[in-house]
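Chemist: predicted coordinates and the sequence they were generated for:
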Amino acid sequence: MNSRRNFLRGAGAVTAAVAVTTVSRVAMAALPEPISQALPDTMPPLVPNTGRPYNPVVTLNGWTLPWRMNQGIKEFHLVAEPVVREMAPGMKAHLWGYNGQSPGPTIEVVEGDRVRIFVTNKLPEHTSVHWHGQRLPNGMDGVTGLNQPGIEPGKTFVYEFVARRPGTFMYHPHADEMTQMAMGMMGFWVTHPKEKNPLIDEVQRDFCFLLNAYDIDPGSYTPKIMTMLDFNLWTWNSRIFPGIDSLNVRLNDKVRIRIGNLTMTNHPIHLHGHEFQVTGTDGGPTPKGGRWPEVTTDIAVGQMRQIEFVADEEGDWAFHCHKSHHTMNAMGHDVPTMIGVDHRGVTKKITNLIPDYMVMGERGMADMGEMEMPLPDNTVPMMTGQGPFGGVEMGGMFSVLKVRKDQKPGNYKNPDWYKHPPGSVAFEWNGSMPEPARFKAESGQSMPQATPSQKEIEVQIRKPSGHSGH
Ligand SMILES: [Cu+2]
């Protein structure tokens, strides 16, 4: 990659993309060393040691791409390539991404920075990078065929523009998009304000992640790229609960969370215990008069949202997508609802043939959290995770905001479970249970049926009889 011959080949391909800008060939004496990340862990903020100072972000289960300054220009090197991404302990996916991970590294720059990004393609097909939300010269917008030719396998292209407005952005291919995004190619981009901006508050914690989704059959490794709606893995930065790190903050920190949606559906993102405001989108900071308190904000496809709040309630607060199927891992959606169905007789007959058979859903699906039926290799249970009080029964797009008095400023380490003050946890009632009072309706049906003499159908309610059913 760094040999002179490769560089010259890359530089030849570059000319088309930068012909109209003022990049001097001399300035690009060599490509910046590509930097790769092997771990799926949340990396500490990358404090800038060159260029203008700023308060860096923390990418959930991700990292920020280091850069080099070259005659006042910030140079980055992205390598599009196949990667193996651990989605959660026990499950790895064969994806496409950048610099060793999917999503790719976060790019952080400062408003007014001149940015040069080298993009090397190590995929088996052509690609390009679109810089979602940026003001830039048309030839840098990255739409294959429209703004540039595709970057063929083995080639390197150069993008160069000034990061004109501060905000929350992302990057992704604009070449065979369906395949490349279904395979995990995307990354976050943050442009920090260069000076105090009346619409951008200072925060103590600044997190970011992308919403993405995959369809990977249990027991397999590669996403099905033709899937349009029925995805089975709902991910934050290509991670599923319990593989998504918690967001660890200090009590009374002002917290910003930046979220972008590159799935095929909307995600109502919900935070417990606090109200937040949407302070910006990929279109820029929200005017202060247009902000209102929320506990859930819907993020539509292709949108980005920046939420902010003061973390002034100690505890372990759930933070998740509110679509209940998006907080589950791979499952079959063709399972019928079995609540109230007594299959004791049937189960006995089946277990004679298939000893591991387990009936699903007779008392609801919570049993799945402690399911003992063997799973295929490389598969995370549909509902899983252990909290201090037992199974959390979640999957997919779920994490926890941990607010602690003793979390040190700038420290992102995961603290132990919250220790609740005595008497502040919901508890079991052991007193007597009065008969329910039956409410008598006062109004009647305003438009009764013409023939009210229908036969009443008898419905049998089977009440659960404890956990020893089968
Ligand atoms: Cu969702």
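Modeler: Yep, that arrived. Numbers count the residues shown, from 1 in each chain.
Chemist: going forward, measure contacts between C-alpha atoms and count neighbours the same way
Modeler: Will do.
Chemist: around the ion, pick out the residues from the stretch 101-250 of the chain.
Modeler: Within the stretch 101-250 of the chain, no position is near the ion by Cα under 5 Å from the ion.
Chemist: can you name the residue of the stretch 101-250 of the chain nearest the ion?
Modeler: residue 234 (6.9 Å; Cα to the ion).
Chemist: work out the sheet partners of the longest strand along the chain and label each with its direction, please.
Modeler: Across the chain, the longest stretch assigned as strand under DSSP state E is strand 73-88. In the sheet, strand 73-88 lines up against strand 68-70 (antiparallel), strand 91-98 (antiparallel), strand 114-121 (parallel) (DSSP bridges).
Chemist: now it: mean pLDDT?
Modeler: On average, the pLDDT along strand 73-88 is 97.
Chemist: what do you get for stretch 378-397?
Modeler: If you average the pLDDT over stretch 378-397, you get 89.
Chemist: look up how far residue 48 lies from the closest residue in space to residue 87 that isn't next to it in sequence.
Modeler: Closest residue to residue 87 apart from its sequence neighbours, by Cα to Cα, 6 or more residues apart in numbering: residue 239 at 4.3 Å. Taking Cα to Cα, to the nearest Å as the criterion, residue 239 is separated from residue 48 by 27 Å.
Chemist: for residue 178, phi and psi?
Modeler: phi -60, psi -50 (degrees, to the nearest 10).
Chemist: that one reaches residue 223, doesn't it?
Modeler: No: Residue 178 lies out of contact with residue 223 (Cα atoms under 8 Å); the separation is 11.8 Å.
Chemist: pLDDT weak spots in this structure?
Modeler: 1-29, 331-344, 346-347, 350-351, 354-373, 441, 448, 451-454, 465-470 (pLDDT under 70).
Chemist: quickly list what residue 261 is bridged to.
Modeler: Beta-bridge partners, per DSSP bridges, of residue 261: residue 211.
Chemist: can you get me a residue count around it?
Modeler: For residue 261, the number of neighbouring residues by other Cα atoms under 10 Å comes to 22.
Chemist: quick check, the residue in this protein closest to the ion?
Modeler: For the chain, Cα to the ion, closest residue to the ion: residue 267, 3.8 Å.
Chemist: would you mind listing the buried residues in stretch 419-436?
Modeler: Residues of stretch 419-436 classed as buried: none (neighbour count, 16 or more other Cα atoms under 10 Å).
Chemist: can you tell me what sits against it?
Modeler: Residues outside stretch 419-436 that contact it (Cα atoms under 8 Å, 6 or more residues apart in numbering): residue 315.
Chemist: chain center to that stretch: distance?
Modeler: Offset of stretch 419-436 from its chain centre (Cα atoms, centre = their mean, to the nearest Å): 36 Å.
Chemist: quick one: terminal-to-terminal distance for that stretch?
Modeler: Span of stretch 419-436 from end to end, Cα to Cα: 36 Å.
Chemist: and for stretch 425-439?
Modeler: So stretch 425-439: terminal residues 31 Å apart, Cα to Cα.
Chemist: with stretch 220-228 instead?
Modeler: 19 Å.
Chemist: other residues contacting that stretch?
Modeler: 92-95, 178-179, 182-183, 214-217, 264, 377-378.
Chemist: of those, select the buried ones using a PyMOL command.
Modeler: Selection of buried members from the contacts of stretch 220-228 for PyMOL, criterion 16+ other Cα under 10 Å:
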select buried, resi 92+93+94+95+179+182+183+214+215+216+217+264+378
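Chemist: what is the nearest of the contacts of stretch 220-228 to residue 274?
Modeler: residue 264 (28.1 Å; Cα to Cα).
Chemist: can I take it that the closest one is in a strand?
Modeler: No: counting by DSSP: H, G, I helix; E, B strand; the rest coil, residue 264 is not found in a strand; it is coil.
Chemist: surely it and residue 230 touch.
Modeler: No: look at residue 264 against residue 230 with Cα under 8 Å: they stay out of range, at 9.7 Å.
Chemist: bridged to residue 162, which residues?
Modeler: Beta-bridge partners, per DSSP bridges, of residue 162: residue 114.
Chemist: contact partners for it?
Modeler: Counting by Cα under 8 Å, 6+ apart, residue 162 has contacts 111-115, 136.
Chemist: now do residue 240
Modeler: 87-88, 233-234, 329, 395-398.
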